[in-house]
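# Below: sequence and its predicted model.
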Amino acid sequence: QVQLEESGGGLVQVGGSLRLSCATSGFTLDYYNIGWFHQAPGKEREGVSCITSDRNTYYFDSVKGRFTISRDNGKNTVDLQMNSLQFEDTGVYYCARVNSCNLGGSYYTYDNWGRGTQVTVSS
């Protein structure tokens, strides 16, 4: 059974850091692109960052220079290091297998969305 489970969220002050982790199982992570997505309160879910199977990385402008995506195929995890967090980063974060890292354009997810992990940035 394919599973992607997000963890690592929490309450953090503006300017602080969090490290999110996406634990995968039921498939061979090596062969897949993984994207991280953010859903702010009352808004649509949108792409944040993506890492390809051959480790090319992509970031949306809003997080460039602050977030870093990485993967450990041996541990079956994809992490998102989030630094200099801002109020706008508040929301639920999801990870997903995607056919393409073109998260601002045409892509699809292979699986249903998981529960996500909540990130709350406060003053």
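It's in.
# what about the residue nearest the centre of the chain, distance to residue 83?
Centrality entry for the chain: nearest residue to the mean C-alpha point is residue 36, 2.2 Å, by Cα atoms, centre = their mean. Counting by Cβ to Cβ, to the nearest Å, the gap between residue 36 and residue 83 amounts to 14 Å. Any C-beta I mention is one placed from the backbone N, CA and C, and that applies to glycine too.
# do the same with residue 43
Residue 43 sits 22 Å away from residue 83, taking Cβ to Cβ as the criterion.
# Looking at the two, which is more packed in?
Between residue 43 and residue 83, counted using other Cβ atoms under 10 Å, the more crowded position is residue 83 (14 against 9).
# Contacts only, for the more buried one.
Contacts for residue 83 (Cβ atoms under 8 Å, 6 or more residues apart in numbering) come out as 17, 66, 67, 68.
# Could you report the distance from the second one to residue 85?
Counting by Cβ to Cβ, the gap between residue 66 and residue 85 amounts to 8 Å.
# Those two: which has the busier surroundings?
Neighbours per residue (other Cβ under 10 Å) separate residue 66 from residue 85, with residue 85 holding more: 22 against 15.
# Right, I'll leave it there.
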